[in-house]
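S.K.: Predicted structure and sequence below. I'll ask about it afterward.
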Amino acid sequence: MAPLARRSSISRTRIPTGVRLAGVVALVPLLVSGCAPAQPADHPAERTVVAQFFDLLESGETDGIAALLADESPLAPDVLDSGFYSDAVARPTDYTVTTAYESEPGIVYIGVEYTLGDEDRDIKVEVADTDDGARIAGWIHDTLTIFPLRAPGAWEVNGAVSAGHPEEATQWTALPGLYTFEYVDPAGVGTVDPEGEEAESFEVEFPVAGDQLEAAVPAGVEALASSIRAEPRLLASVAADVERQFAARVADCTRQALVGDSCPAELVSQATRRGAVDVGRVEWRQDSHDPVRSIGQWDVVERYSVMFEYRGDDGETARDTVDASLAGVVESDSTGSATIRFS
């Protein structure tokens, strides 16, 4: 694992006003600028709930954390699951509760120092005075901005939880720790690797550290500050299979004299009007190959200029050219091989 860059979360002041997570929008508390300086205080109840929080983080038994959270916490239930969190690459250890100050009535910030992997970290945890007592409302942090993939598949965290939205940018957050991210296509035909190889996993720290993120992402994943962006494509081996299947479809259509089930409708229409096609005098010129990514499936299109000779009703031989396209959806069959379902 690459060393984690040291940084202080205390100095981070860019705090999102909302976090979209698992279809729920929850508010992240803000520090109010321009107010009077906060005065140090002991705040034993707030210190205690934060210590309980970090005890659970260190043990990995995070199912009990929900009871420590205020209603406005940005954390979704799936990231609190002990099975999910225990699979994190690293969790906070050797924590020390340090400072405590009240920013406004009912809101106390507790400083905590801890170790993540081999690196020292610190964080400010916001604790709210609720009807149920002191509860954790959030912390000063950067979330992860995930830009839409606009393709099948999703980011999978710790091999269990999907992050992001297929059509719009979202903010995603998790408990303090180091997590594994990987692009996963359910059909097994897609990747984010620019060479079409299998996608590599990478590690993301929460609270997000931009320098760690930028150093961790593999080729094909762009990290800028606290965001990730990628453009999925077909695996190179799948793309080669797709080309072979298009070529086989073209050959079948030619054998069918351009009027069979394997042929594009626009080609069948024109060939039928012209007369008997000479199958030995058919030429397909590929104009473009467009793997079109759509949200739920892998659409593929190839466009051609089809030139052919035919014998008309008057018995004379003539030539014609028709623009036509073949289209389909790349799927995985029962053996795991990629196949095109032609439309």
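M.R.: Arrived safely.

S.K.: now the helices for the stretch 201-343 of the chain?
M.R.: 210-216, 236-255, 265-274 (DSSP state H, counting those that start in this stretch).

S.K.: Contacts made by the last one with the rest, please.
M.R.: Spelled out, it's helix 265-274. 253, 257-260, 263, 277, 306, 308, 310, 312, 318, 320, 322-325 (Cβ atoms under 8 Å, 6 or more residues apart in numbering). Yep, even glycine has a C-beta here, placed from its N, CA and C like the rest.

S.K.: now the angle between helix 236-255 and that helix, please.
M.R.: Angle, helix 265-274 to helix 236-255, by axes from the mean of the first three to the mean of the last three Cα atoms, to 10 degrees: 20 degrees.

S.K.: For helix 265-274, which residues meet the burial criterion?
M.R.: By 16 or more other Cβ atoms under 10 Å, the buried positions in helix 265-274 come out as 267-268, 270-271, 274.

S.K.: Over to the shortest one?
M.R.: Neighbour-count burial for helix 210-216, counted by 16+ other Cβ under 10 Å, picks out 210, 212-213, 216.

S.K.: Lowest-confidence one in those?
M.R.: Ranked by pLDDT, the buried residues of helix 210-216 bottom out at Gly210 (84).

S.K.: circling back: list just the nearest of the buried residues of helix 210-216 to Pro186.
M.R.: Checking the buried residues of helix 210-216 against Pro186 with Cβ to Cβ, the nearest one is Ala216 at 24.5 Å.

S.K.: so how far is Lys124 from Glu104?
M.R.: Glu104 is 14 Å from Lys124, where distance means Cβ to Cβ, to the nearest Å.

S.K.: Looking at strand pairing, list the partners for the residue lying closest to Pro176 once chain neighbours are set aside.
M.R.: Once flanking residues are discounted, Pro176 sits nearest to Pro92: 5.3 Å by Cβ to Cβ, 6 or more residues apart in numbering. Listed beta-bridge partners, Pro92: Leu116 (assigned using DSSP bridges).

S.K.: Can you list the low-confidence ranges for the stretch 101-250 of the chain?
M.R.: Judged against pLDDT under 70, the low-scoring parts of the stretch 101-250 of the chain cover residues 142.

S.K.: of all the helices of the stretch 201-343 of the chain, which lies closest to Tyr114?
M.R.: Tyr114 lies closest to helix 210-216 among the helices of the stretch 201-343 of the chain, at 15.6 Å (Cβ to Cβ).

S.K.: which other helices and strands contact the closest one?
M.R.: Here helix 210-216 touches strand 202-206, strand 221-224, going by 3 or more Cβ pairs under 8 Å, 6 or more residues apart in numbering; DSSP states H and E.

S.K.: Reformat the ones you listed as CSV; add mean neighbour count and distance to Asp333.
M.R.: Conversion of the helices and strands packed on helix 210-216 to CSV gives the following (neighbours: other Cβ atoms under 10 Å; distance: least, Cβ to Cβ, whole Å):
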stretch, mean neighbour count, distance to Asp333
strand 202-206, 22, 30
strand 221-224, 17, 29
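
S.K.: would JSON lines of the ones you listed with distance to Pro166 be doable?
M.R.: Listed next are the helices and strands packed on helix 210-216 as JSON lines, based on distance: least, Cβ to Cβ, whole Å:
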{"stretch": "strand 202-206", "distance to Pro166": "19"}
{"stretch": "strand 221-224", "distance to Pro166": "16"}
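
S.K.: of those strands, which approaches Phe84 most closely?
M.R.: Minimum separation from Phe84 across the helices and strands packed on helix 210-216 (Cβ to Cβ) falls at strand 202-206, 12.7 Å.

S.K.: Output that closest one as CSV, nothing but the C-alphas.
M.R.: Provided in CSV are the C-alpha atoms of strand 202-206 (Å, rounded to 0.1, in the frame of the first residue of the first chain):
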residue,chain,number,x,y,z
PHE,A,202,-7.5,1.5,-5.7
GLU,A,203,-7.7,2.9,-2.2
VAL,A,204,-9.6,5.9,-1.0
GLU,A,205,-9.2,7.5,2.5
PHE,A,206,-12.1,9.0,4.4
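
S.K.: secondary structure class for the residue nearest to the spatial centre of the chain?
M.R.: For the chain, the residue nearest the mean C-alpha position is Trp155 (3.3 Å; Cα atoms, centre = their mean). At Trp155, secondary structure determined by DSSP: H, G, I helix; E, B strand; the rest coil is strand.

S.K.: Between Glu104 and Lys124, which has more neighbouring residues?
M.R.: Using other Cβ atoms under 10 Å, the more surrounded residue of Glu104 and Lys124 is Lys124, with 21 against 11.

S.K.: Can you tell me how far that one is from Glu243?
M.R.: Taking Cβ to Cβ, one finds Lys124 at 55 Å from Glu243.

S.K.: swap in Thr62?
M.R.: The span separating Thr62 from Glu243 equals 48 Å under the rule Cβ to Cβ.

S.K.: Equivalent analysis for Ser73, please.
M.R.: Distance from Ser73 to Glu243, by Cβ to Cβ: 50 Å.

S.K.: between these two, who's got more neighbours?
M.R.: Set side by side, Ser73 and Glu243 show more neighbours around Ser73, with 24 against 14, by other Cβ under 10 Å.
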